[in-house]
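1. Predicted model, plus sequence, below.
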Amino acid sequence: MDNALDPILDSVAIDECHYDCTNFVEWSHVLKTTFQTENKKYVLEIDSSRLPEDDDPIHAKREYLKCLGDMMETKFIMQVCMNNHFKRRFALSIPKEIYDQLKFEFIERLKSKRYEIFTNRSTE
C-alpha cells in the first residue's frame, strides 16, 4: 500500500535538508515550499486553539479533522527534517509551535552574533 507522504518524502530537497540549529533559513524555505506545494502551509500559521469552526456541525467536524490530519503530516515532515535532538525536543509540539520556537531561537542567535561582532569591533 502506498503512503500519501511518499512523494513528499522522496523529494531531494527534504532528504538533503536536516535542521541542525545552523540552517534555519534553508530548512524553513524547503519546508514552506513543500507545504505550499501540498496546500498545507496554513498549518504553520494556526495553533491548536484556533482550529476551524463552522455553524454546520458536519462541515465543522470535517474541516477540523482535515486540519488535524494536515497538522500531523506537516509535523511528521518537519521531524523527518530534524536531527534527533530536535525530534525529541519537539515530540509533543504542533507545527506552529515548532516553527515559531526555532525562528525565535534563530533570531536570538543572530542578535547575539551581531552584538559579539559589534563589541569586538569596538575594542579594536
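-> Happy to help now that I have it.
2. Now do the same contact list for the most centrally placed residue in the chain.
-> Centroid-nearest residue in the chain: Tyr99, 4.3 Å away (criterion: CA atoms, centre = their mean). Applying CB atoms under 8 Å, 6 or more residues apart in numbering to Tyr99 gives the contacts 28, 31, 44, 78. For every residue, glycine as well, the C-beta is placed using N, CA and C.
3. and which of those is nearest Arg121?
-> Arg121 lies nearest to Ser28 out of the contacts of Tyr99, by CB to CB, at 29.3 Å.
4. Helix, strand, or coil at Ala91?
-> Three-state call for Ala91 (DSSP: H, G, I helix; E, B strand; the rest coil): coil.
5. Give me the neighbour count for it.
-> Around Ala91 there are 9 other residues, counting by other CB atoms under 10 Å.
6. quick one: it and Val80, what's the gap?
-> Computed as CB to CB, to the nearest Å, the Ala91 to Val80 distance reads 13 Å.
7. thinking again about what came up before, figure out how far whichever helix or strand the residue nearest to the centre of the chain is part of is from the centre of its chain.
-> For Tyr99, the element it lies in under DSSP states H and E is helix 95-123. Between the centre of helix 95-123 and the centre of its host chain there is 18 Å, according to CA atoms, centre = their mean, to the nearest Å.
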